[in-house]
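Q: Pasting the sequence and the predicted model now:
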Amino acid sequence: MRSWIILVELAFSIILLTFFFLYIYYGKSNNYNIYTFDSNNLIYLNSSCNNNLYIYEIVNLTNNNITICYFGKQANSTYIQNYEPIFEYLYAGQKYFNPYILIIFG
Amino acid sequence: MRSQYILLATIAIIIILSFITYYNLSPINNINPNLIGKNFEDQIIYIYQNFGYDYISNYTLYFENYTENINYNFSFICISSYNLSIQKCNGNNINCCYYFNGYFFVNQSILKYCNENLTLYNPPNWICFCYNVNNSNSYYISFFCI
């Protein structure tokens, strides 16, 4: 009788752990799927770090200035060491011709 | 008793798998030849609509340097009724650019990568690009006119 209870408990924990595994697997990949990287929406990201949803880097090609924005705050390169670039785009400029590269990290 | 060991082993495997997945699941990388090609196309159109065609040659130069830096091969052929003064089309090297006045018959041999046959008349004014982006894994080829 006792061994039956243990068996049921073990089976229950396996079910729980399987759900935990699935939650981690799909939860983590879905986090990045939420961002539909539409270049038209991301054109508003600029070097003033006005967006707190993304970790991004802007490389201004006219003066070679690099700005790193970490969830809305200007940061240095140590903040993005553990992140990988997941989106890159070379914009021609916003209001006037001023090419810059946008790199989003995730 | 034996089935309990099997269950315990299954639990252990699931725990290990969870940890491996959690730490190794890299984010989905959106950078690919398709995105880079669309980047070029969209920004050429954006420049034409917002800043004027004078800036197109400048942008193509930046774009070529950029794709080189991220280890992608990028090449293009343009046909235009404007003289875009693209740097690499000057002098004897006119392979990448066809500047026309009146009408221009475009066929596949001119475009190299793109499977297009068409005739362009002037006016209205045309700027057409056939471009090819590739890396070691995949490629993207497209043709567009503005």
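A: Structure's in. What do you need?

Q: Write out the residues of chain B neighbouring chain A.
A: B:1, B:3-4, B:7-8, B:10-11, B:14-15, B:17-18, B:21-22, B:25-31, B:35, B:38-39, B:42-43, B:46-47, B:51, B:55, B:58-59, B:62-63, B:66, B:70 (CB under 8 Å from any CB of the partner chain). Using the backbone N, CA and C atoms, a C-beta is placed for each residue, glycine as well.

Q: From those, list just the buried residues.
A: Taking 16 or more other CB atoms under 10 Å in any protein chain shown as the criterion, what is buried in the residues of chain B next to chain A is B:7, B:10-11, B:14, B:18, B:27, B:30-31, B:35, B:38-39, B:42-43, B:46-47, B:51, B:55, B:58-59, B:62-63, B:66.

Q: Show me where chain A dips below the pLDDT cut-off.
A: A:1, A:27-36 (pLDDT under 70).

Q: Kindly list the longest helix within it.
A: In chain A, taking DSSP state H as the definition, the longest helix is helix A:2-33.

Q: And chain B, is the helix or strand just after that one touching that?
A: Sequence-wise, the next helix or strand downstream of helix A:2-33 (DSSP states H and E) is helix A:39-42. Yes - counting by CB under 8 Å from any CB, chain B is contacted by helix A:39-42 at A:Ser39.

Q: Pull the distance from helix A:39-42 to the chain's centre.
A: Relative to the chain's own centre, helix A:39-42 is displaced by 15 Å; criterion: CA atoms, centre = their mean, to the nearest Å.

Q: Likewise for stretch A:59-79?
A: Relative to its parent chain, stretch A:59-79 has a centroid offset of 16 Å by CA atoms, centre = their mean.

Q: Just the CA coordinates for that stretch, please, in CSV.
A: What follows is stretch A:59-79, C-alpha atoms only, in CSV (Å, rounded to 0.1, in the frame of the first residue of the first chain):
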residue,chain,number,x,y,z
VAL,A,59,25.8,53.6,-33.9
ASN,A,60,25.7,56.9,-35.6
LEU,A,61,27.7,56.6,-38.8
THR,A,62,28.2,60.3,-39.5
ASN,A,63,30.2,60.9,-36.2
ASN,A,64,30.8,57.3,-35.1
ASN,A,65,29.1,57.9,-31.8
ILE,A,66,27.9,54.8,-30.0
THR,A,67,25.0,55.0,-27.5
ILE,A,68,23.8,52.0,-25.5
CYS,A,69,20.4,52.2,-24.0
TYR,A,70,19.5,49.7,-21.3
PHE,A,71,15.7,49.7,-20.7
GLY,A,72,15.5,53.5,-21.0
LYS,A,73,18.8,54.4,-19.3
GLN,A,74,22.0,55.2,-21.0
ALA,A,75,24.6,52.6,-20.1
ASN,A,76,28.1,51.4,-20.9
SER,A,77,29.1,48.3,-22.8
THR,A,78,29.4,46.1,-19.7
TYR,A,79,25.6,46.1,-19.5
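
Q: residues near B:Tyr99, how many?
A: The tally of other residues near B:Tyr99 (other CB atoms under 10 Å in any protein chain shown) stands at 16.

Q: B:Phe100 too?
A: Using other CB under 10 Å, B:Phe100 has 16 other residues around it.

Q: So what sits opposite A:Tyr89 in the bridge?
A: With DSSP bridges as the criterion, A:Tyr89 is bridged to A:Leu102.

Q: circling back: tell me how far the longest helix of chain A is from the chain's mean position?
A: The chain centre lies 26 Å from the centre of helix A:2-33; the measure is CA atoms, centre = their mean.

Q: which SS class is B:Ile141?
A: strand (DSSP: H, G, I helix; E, B strand; the rest coil).

Q: Verify the stated contact: it with B:Phe129.
A: No - with contact defined as CB atoms under 8 Å, B:Ile141 does not count as touching B:Phe129 (11.1 Å).

Q: picking that back up, quick one: buried residues of the longest helix of chain A?
A: When neighbours are counted by 16+ other CB under 10 Å, the buried residues of helix A:2-33 are found to be A:Leu10, A:Ile14, A:Leu17, A:Phe21, A:Ile24, A:Tyr32.
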